[in-house]
Structure formats: C-alpha cells, structure tokens
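Student: Can you look at this prediction? I've put the sequence above it.
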Amino acid sequence: MKEKKAEIEGIIGKVAICEDMWSSPANKMPFMGTAAAYIVVKRAKKQPPMWQLKSTILSFRVVEGAHDGENLGRYLFGVCRRAGIINVEKKISKVCGFICTTPGMCSFDPWISWELLH
C-alpha cells in the first residue's frame with residue numbers, strides 16, 4: 001500500500017473510486033472491495049507529457065456492522081485515507097467520482113459526509 005499511496009499522492013489529477021459489496025453464499029460473510037483509477041503523467045526532457053491510466057485494488061475486506069450508508073461510508077473513507085486519496089489534516093480530497101453497486105452505500109456522498117466521517 002505504501003507504493004500505491006506515494007503514487008496517488010503524487011498525481012496532479014483526481015481519482016475515480018469504485019466500490020462493490022457482496023456476501024459469500026458459503027458462509028454468509030459480507031465483503032467489500034474498493035478499486036481506484038487515475039492518470040499518472042510522465043515527463044521526459046524535450047518530450048511531450050505521456051499519460052498512463054492506472055487502476056488498482058485498494059481494499060478487499062470483511063465488513064462488520066450495519067450495511068447502511070453511514071457504516072459503509074466509514075469503511076470507504078478509511079480506505080481513501082490510507083491510500084492517500086483523502087487527507088483530513090490538509091482538507092484535500094482527490095475523489096472525482098464514485099461508482100457504487102451496493103444499495104445502502106449509494107446514499108454516501110464523500111463531499112457532504114466529510115465532517116461526519118473523519
């Protein structure tokens with residue numbers, strides 16, 4: 001995660017977040033996966049900038065507690081903090097978009113929920 005965090009903190013653009021949650025049919029455990037996509041700009045002397053699309057899995061974990069927007073938002077907010085996408089101390093967010101496939105999670109808005117979740 002340290003390498004991913006350093007790369008994400010160094011980008012000049014934003015990060016698109018995708019979240020999905022499902023339960024294992026075998027043991028009924030709920031899992032939440034979080035992925036990110038972003039563009040890294042590479043510059044070489046006397047060359048035009050090169051854009052490289054990157055995507056990465058940020059998290060895959062068991063979720064405890066209610067499956068509502070507030071609880072799932074806390075999980076997502078923590079993942080974004082650890083990945084360097086959100087910096088609470090500097091009040092910086094690189095989130096540009098949020099794709100959600102979990103009904104309870106779709107009510108979570110990282111812009112509106114900033115004070116609630118940090």
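Tutor: Arrived safely, thanks for sending.
Student: show me the biggest helix of the chain in terms of residues.
Tutor: helix 69-82 (DSSP state H).
Student: For that helix, name the packing helices and strands.
Tutor: strand 15-23, strand 30-42, strand 50-62, strand 86-87, helix 114-117 (3 or more C-beta pairs under 8 Å, 6 or more residues apart in numbering; DSSP states H and E). Placement of C-beta: from N, CA and C, glycine included.
Student: Compare those and give me the one nearest residue 95.
Tutor: Across the helices and strands packed on helix 69-82, residue 95 has its closest neighbour in strand 15-23 (6.0 Å, C-beta to C-beta).
Student: In stretch 11-22, which residues are buried?
Tutor: 11, 15, 16, 17, 18, 19, 21 (16 or more other C-beta atoms under 10 Å).
Student: Repeat that for stretch 29-36.
Tutor: For stretch 29-36, burial by neighbour count (16+ other C-beta under 10 Å) applies to 30, 32, 33, 34, 35, 36.
Student: Could you list the low-pLDDT ranges of this structure?
Tutor: Low-confidence segments of the chain, defined by pLDDT under 70: 97-118.
Student: who's sitting farthest from the centroid in it?
Tutor: Note on the chain: the largest C-alpha distance from the chain mean falls to residue 46, namely 34.4 Å (C-alpha atoms, centre = their mean).
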